[in-house]
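Q: Take this sequence and fold it.
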Amino acid sequence: NIRRVSPVALSADGYTDLLNGGMDHGWCMSYTCLKRLMTFWAIAKTETVSTIHFSSTTPQELRILLPYAPVTQKLILHIFYPG
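A: Predicted structure coming up:
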């Protein structure tokens, strides 16, 4: 991904966790070839309402995974879209 969307804020129960993106994976050591893997790992409490905020334009594709949660657990996630 060329466009940086971090930091990403995940808010729930009055707390906010700021998630930062990975480092540059480009080879030319210049700003013109920046490539970043936009992966954010967070710990979220299930059965609560969480809100996610992006510091730039909201991505067009987004995958949310709960890899270790039982199928009976739910995560209610609000995605903030500005104006």
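
Q: Low-confidence stretches in this structure?
A: 1-4, 22-37, 83 (pLDDT under 70).

Q: Which residue ranges of it form strands?
A: 8-12, 15-19, 49-54, 76-79 (DSSP state E).

Q: State the number of residues packed around the closest residue to residue 56 other than its chain neighbours.
A: Spatial nearest neighbour of residue 56, excluding adjacent residues (C-beta to C-beta, 6 or more residues apart in numbering): residue 5 at 5.2 Å. For the C-beta atoms, the positions are set from N, CA and C on the backbone; glycine is no exception. Counted with other C-beta atoms under 10 Å, residues neighbouring residue 5 total 17.

Q: One more: residue 52?
A: For residue 52, using other C-beta under 10 Å, the count is 20.

Q: Quick check: bridge partners of it?
A: Per DSSP bridges, the residues bridged to residue 52 are residue 10, residue 79.

Q: shouldn't it be in contact with residue 7?
A: No: using C-beta atoms under 8 Å, residue 52 is not in contact with residue 7, being 11.3 Å away.

Q: Nothing else from me, thank you.
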